[in-house]
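give me a 3D structure for the following:
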Amino acid sequence: MNSYLSNKIKTISCISIILVVFLHSYNFDTKQNGSVIVFEKSIFWFIENYISNGLTRIAVPFFFIFSGFLFFLNYNNSLSEIKLKLRKRVKTLFIPYLFWSIFGIIIYLLLQNIPGIKTYFTKELLVDFSLIKWIDTIFINPIPYQLWFVRDLMVLVLLSPLLFLGIKYLKIVTLLLLFSIWIYYDFSVLKNSIEALFFYSLGGYLAFNKEKWNMVFLKNHAILLFLLWLIILAVSLMLKFLEYNVIAHTIVHKISIIIGIISIWNVYDLLYVKQEKIINRIIAMSSATFFIYASHEPLLTIIKKILFIILGKKEINYIEIYFIAPILVIIFSYFTGNFLKRNFSKFHGIITGNR
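Now for the predicted structure:
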């Protein structure tokens with residue numbers, strides 16, 4: 001992999017984690033002290049949904065594509081290769097997953113025992129958990145819910161020897177099958193896992209067909225694709241607003257993800273030529289990508305709750321908090337990560353998988 005492609009992946013990953021934090025900042029139609037405050041679907045509702053249920057939805061697919069690409073790059077499916085990959089993923093995935101899952105539990109245990117604050121964090125008292133619930137919370141459904149990505153990625157790594165056979169020998173047929181399942185499947189059970197499987201496999205396919213990254217025709221129409229993406233997002237949002245056919249909305253939404261990924265991938269090349277200094281700054285910041293990912297929850301939830309206490313719960317406060325909270329979280333996580341990397345590099349390496 002050449003340096004240009006490596007930096008491109010770092011840049012888009014850094015931007016994607018910022019999108020993820022904003023995705024999780026969505027606060028309309030969510031519970032506040034056990035109840036949902038319902039507002040009319042105003043301009044604020046449109047803004048939050050356009051960002052969190054539109055623009056940001058390309059982020060996680062990008063991460064799975066990159067993960068699949070990096071895993072299958074120069075991969076030959078030999079027993080020694082499989083063992084090597086698994087050993088590396090224990091350090092880069094399992095150990096960080098375990099640390100951040102337990103860290104989230106510790107934070108909530110503290111919050112649930114602080115007078116004046118614990119009433120905002122008592123949905124489920126951790127001290128009342130059974131052994132089975134503790135195991136589930138640590139390994140399956142962690143309090144920092146964003147860890148589902150690493151959890152599913154670990155499963156995909158274990159399945160990779162089988163995926164290799166489908167990607168290597170059935171090639172595009174495997175992708176078309178997975179794409180068909182993903183675009184039509186919208187049940188709550190396994191929804192994220194099916195998306196993960198498709199985009200991880202797509203990354204693997206691109207690792208075996210590196211020339212597919214170079215989309216010359218699409219590069220020449222990058223801006224047009226970007227505008228088309230924004231328009232389709234608006235159409236998808238209108239279908240949701242009108243509560244139109246659920247299947248139609250789902251398909252349009254998922255088409256927008258595909259077009260968004262392709263457009264951003266190609267817009268990068270235009271920006272690199274015209275805004276190289278900005279791109280280089282983002283590349284420099286990209287070392288904090290994993291730390292921001294792992295640490296932004298439950299921090300984001302805590303900050304949102306504090307801001308609701310301070311600012312109130314009027315509709316205007318929702319949109320204010322929607323923008324303020326993720327900005328505070330990103331800044332805090334970025335500088336905290338850098339501080340740990342400079343002063344406690346070994347510890348930082350363990351909890352981030354040496355990223």
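
tell me the SS of residue 39?
Following DSSP: H, G, I helix; E, B strand; the rest coil, residue 39 is assigned to coil.

what residue ranges in the stretch 1-150 of the chain score low on pLDDT?
Counting by pLDDT under 70, the ranges of the stretch 1-150 of the chain that qualify are 30-38, 122.

ok, which stretches of it are strands?
31-32, 35-36 (DSSP state E, counting those that start in this stretch).

the stretch 151-300 of the chain too?
Going by DSSP E, counting those that start in this stretch, the stretch 151-300 of the chain shows no strands.

any weak-confidence spans in it?
186-191, 212-217.

for the residue located most distally from the centre of the chain, give its distance to residue 305.
In the chain, counting by C-alpha atoms, centre = their mean, residue 115 sits farthest out from the average C-alpha position, at 33.7 Å. Distance from residue 115 to residue 305, counting by C-beta to C-beta, to the nearest Å: 16 Å. Placement of C-beta: from N, CA and C, glycine included.

do residue 282 as well
Residue 282 is 30 Å from residue 305, by C-beta to C-beta.

now swap in residue 222 and tell me
40 Å.

contacting residues for the residue nearest to the spatial centre of the chain?
The centroid of the chain falls nearest to residue 60 when counting by C-alpha atoms, centre = their mean (3.7 Å). Neighbour list for residue 60: 16, 20, 149, 195, 199 [criterion: C-beta atoms under 8 Å, 6 or more residues apart in numbering].

gap between it and residue 67?
For residue 60, the distance to residue 67 - C-beta to C-beta - is 11 Å.

equivalent analysis for residue 266, please.
21 Å.

one more: residue 169?
Going from residue 169 to residue 67 by C-beta to C-beta gives 21 Å.

quick one, which of these two is more surrounded?
Between residue 169 and residue 67, residue 67 has the larger neighbour count (other C-beta atoms under 10 Å), namely 22 against 9.

just checking, that one touches residue 197?
No: using C-beta atoms under 8 Å as the test, residue 67 is too far from residue 197 to be in contact (11.7 Å).

list residues touching both of the two?
residue 156.

the stretch 151-300 of the chain: helices as residue ranges?
Applying DSSP state H, counting those that start in this stretch to the stretch 151-300 of the chain gives helices spanning 172-184, 191-208, 216-219, 222-241, 246-274, 276-285, 289-311.

tell me which of these is the most buried.
helix 191-208 (a mean of 22; mean count of other C-beta atoms under 10 Å).

what's the angle from that helix to helix 246-274?
Counting by axes from the mean of the first three to the mean of the last three C-alpha atoms, to 10 degrees, helix 191-208 lies at 40 degrees to helix 246-274.
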